[in-house]
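1. What would the 3D arrangement of this be:
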Amino acid sequence: MPGMLVYTRQSDADVFWDLFVSRGDGQDETQVSDTEDDNSRGEDQPRWSPDGREIAFTTFNRNGDAAKVWRMPYTGGEPALVAEIAAADAGYPAWRPDGGAILYAGAHSGAGPSSLDLYLALPEASQPFLVTETRDERSPDWSPDGSRIAYAAYDLGPDGETNWWDLRMVAADGSGDAPLVTRAYSTERFPRWSPDGRQLAYVAFANSVGFGRGVLHLLDVETGEDRELLRNIGLPVAWSPDGEWLLLYNTVISGLELPGRPTAEPPAPSEPQRFGLYVYRLADGALYRLKGAAGGGAARSGSFKWGQVADWTAGTYTPTPEVTETPTPSPSPTASRTPTASPSPSASPSREVSPTPLPQPAIYLPMALDRAAMAPLR
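-> Got it, this is the predicted structure:
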């Protein structure tokens, strides 16, 4: 499996959320951050730089009403402050494809009920990119060629009341801002461009806040074709460098669910818990659980010792070995009424962790879910 992963999970030593880097299959994990500030709950929203040498991430204060965006070497070390934001649910850093800037959601400074706008962090300073008075903007993502930006936004009512989130797209120079995905009584969040720039993966929710059990969609940007892939997704997904896989987090106790499949029961006490990171193959709908701590197959239920918010990079590594499938059957995943929330991280830089050499990708030996239950989506 090509590339490298970065993801959040609670460390084995404490209850803070830290950053970990692993191979594309979840093995050979290395911890690259270690929160030690009592006012912090750890790191969140990790994103790889285009060259794979740095990671941008966000921290929040314990109250969740202020955030900081950071960048640091992928091997760990002292992070550099990118932006300090006096607003809730901010951050969502996204690297410009040339690596020269980071786009993020920052505090609105003008009139009107808006609380968040998009800002561009350049080496010298941050500058406003997209500022509106009656709308909030969050979770931006650059197209691979750097020409367009997809993001989530919602309009604010006359009394500051929130409506449902929609996806919008704007040109890199700030022009042509227009709706992209809009549905009645549906929230769309977390757009992520495919490596070839032709498709967007995003998550839709049947509530106005965009939290809980969501549905993963795949949108063809040119034709408008939009198809539903999986249910029970609550966090952003990430594309594999070759565009053939999606990395995603199972957010409910009984597991991920294909459209049209009946709801399954939660795992029995003797069975592995099902929270953790999985990969979904677009060609045939095959779903696999990652190995190691990222997949959470060996974690105790309720421990949060599995990967959650994640990103995938090709980085400076180029091998793309053949996938060797040796699946091990386990209970088929489906929906549940018990979502788990990732605790909000909070503001503070992470203490330096002694870096260890990170491995290059190797052949993927997946631990699979029931292939009969996970038939190709067609």
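2. hey, where'd the helices end up in this protein?
-> 292-295 (DSSP state H).
3. Quick check: which ranges of it have low pLDDT?
-> 36-40, 157-162, 315-378 (pLDDT under 70).
4. ok, now which ones touch the residue nearest to the spatial centre of it?
-> Geometric centre of the chain, nearest residue: P236, 3.2 Å, by CA atoms, centre = their mean. P236 makes contact with 139, 190, 192, 203, 309, according to CB atoms under 8 Å, 6 or more residues apart in numbering. To be clear about C-beta, it is placed using only N, CA and C from the backbone, and glycine gets the same treatment.
5. Recalculate using a threshold of 6 Å.
-> Residues counted as contacts of P236 (CB atoms under 6 Å, 6 or more residues apart in numbering) are F190.
6. go on, the one 5 residues further on?
-> Residues near P241 by CB under 6 Å, 6+ apart: 2-3, 314.
7. Quick one: which of those is the most crowded by neighbours?
-> Tallying neighbours with other CB atoms under 10 Å puts G3 at the head of those, with 26 neighbours.
8. I'd say that one and T313 touch.
-> Yes: counting by CB atoms under 6 Å, a contact exists between G3 and T313, whose distance comes to 5.4 Å.
9. Okay, R300 and A293: tell me how far apart.
-> Applying CB to CB, to the nearest Å, one obtains 12 Å for the distance of R300 from A293.
10. the more surrounded of the two?
-> Using other CB under 10 Å, the more surrounded residue of R300 and A293 is A293, with 25 against 10.
11. distance of the more buried one from V237?
-> From A293 to V237 the distance is 19 Å (CB to CB).
12. what does R227 give?
-> As defined by CB to CB, R227 lies at a distance of 14 Å from V237.
13. So those two - more neighbours on which side?
-> A count of neighbours by other CB under 10 Å puts V237 above the other of R227 and V237, at 24 against 11.
14. ok, R9 - contacts?
-> Here R9 is in contact with 306-307 (CB under 6 Å, 6+ apart).
15. Can you give me the separation between it and A264?
-> Taking CB to CB as the criterion, R9 is separated from A264 by 24 Å.
16. What of F20?
-> If you measure F20 against A264 using CB to CB, the figure is 29 Å.
17. Settle it for me: which of these two has more neighbours?
-> Regarding F20 and A264, a neighbour count based on other CB under 10 Å identifies F20 as having more, with 22 against 19.
18. hey, what's the more buried one bridged with?
-> For F20, the beta-bridge partners under DSSP bridges are Y7, Q31.
19. In contact with it, which residues?
-> Counting by CB under 6 Å, 6+ apart, F20 makes contact with 7, 29, 31.
20. Please repeat the previous calculation with a cut-off of 10 Å.
-> The neighbourhood of F20, defined by CB atoms under 10 Å, 6 or more residues apart in numbering, consists of 5-9, 11, 26, 29-33, 46, 292-294, 307, 310.
21. so how many other residues sit close to the closest residue to R227 other than its chain neighbours?
-> Spatial nearest neighbour of R227, excluding adjacent residues (CB to CB, 6 or more residues apart in numbering): L218 at 5.5 Å. L218 sits with 19 neighbouring residues when counted by other CB under 10 Å.
22. cool, A125 as well?
-> Neighbour count for A125, taken as other CB under 10 Å: 9.
23. mind checking how far it is from E84?
-> 12 Å.
24. nearest residue to P241 other than its sequence neighbours?
-> Leaving out its chain neighbours, the residue that sits closest to P241 by CB to CB, 6+ apart is A314, at 3.3 Å.
25. I figured that neighbour hits P2, correct?
-> Yes: under the criterion of CB atoms under 10 Å, A314 lies in contact with P2, with a separation of 6.3 Å.
26. Identify each of the strands in the stretch 1-150 of the chain and give its residue range.
-> Counting by DSSP state E, counting those that start in this stretch, one finds strands in the stretch 1-150 of the chain at the ranges 4-10, 17-23, 30-31, 44-48, 54-60, 67-73, 80-85, 91-95, 102-107, 116-121, 126-130, 135-142, 148-155.
27. counting contacts, what elements does the third one pack onto?
-> What that stands for is strand 30-31. Packed against strand 30-31, as judged by 3 or more CB pairs under 10 Å, 6 or more residues apart in numbering; DSSP states H and E, are the following elements: strand 4-10, strand 17-23.
28. quick one: W239 and R198 touch, right?
-> No: the criterion here is CB under 10 Å, and W239 misses it with R198 at 11.4 Å.
29. check contacts around R135.
-> 108, 112-114, 116-117, 153-156, 163, 166, 168, 177.
30. Type out the ChimeraX command that picks the buried ones from the residues you listed.
-> Selection of the buried residues among these in ChimeraX, burial being defined by 16 or more other CB atoms under 10 Å:
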select :108,113,114,116,117,153,154,155,156,166,168,177
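31. which of the contacts of R135 lies closest to Y92?
-> Distance to Y92, by CB to CB, is smallest for L116 among those, at 9.4 Å.
32. Distance of the closest one relative to R96?
-> As for L116, its distance to R96 is 19 Å (criterion: CB to CB).
33. Please apply the same query to A264.
-> A264 is 42 Å from R96, where distance means CB to CB.
34. and what of V6?
-> Here the distance between V6 and R96 works out to 18 Å (CB to CB).
35. Run a quick neighbour tally on D226.
-> Residues near D226, counting by other CB under 10 Å, number 14.
36. hang on, it packs against H217?
-> Yes: using CB under 10 Å, D226 is in contact with H217, at 5.8 Å.
37. Residues that sit against both of the two, list them.
-> Between them, D226 and H217 share these contacting residues under CB under 10 Å, 6+ apart: 181, 200, 202, 204.
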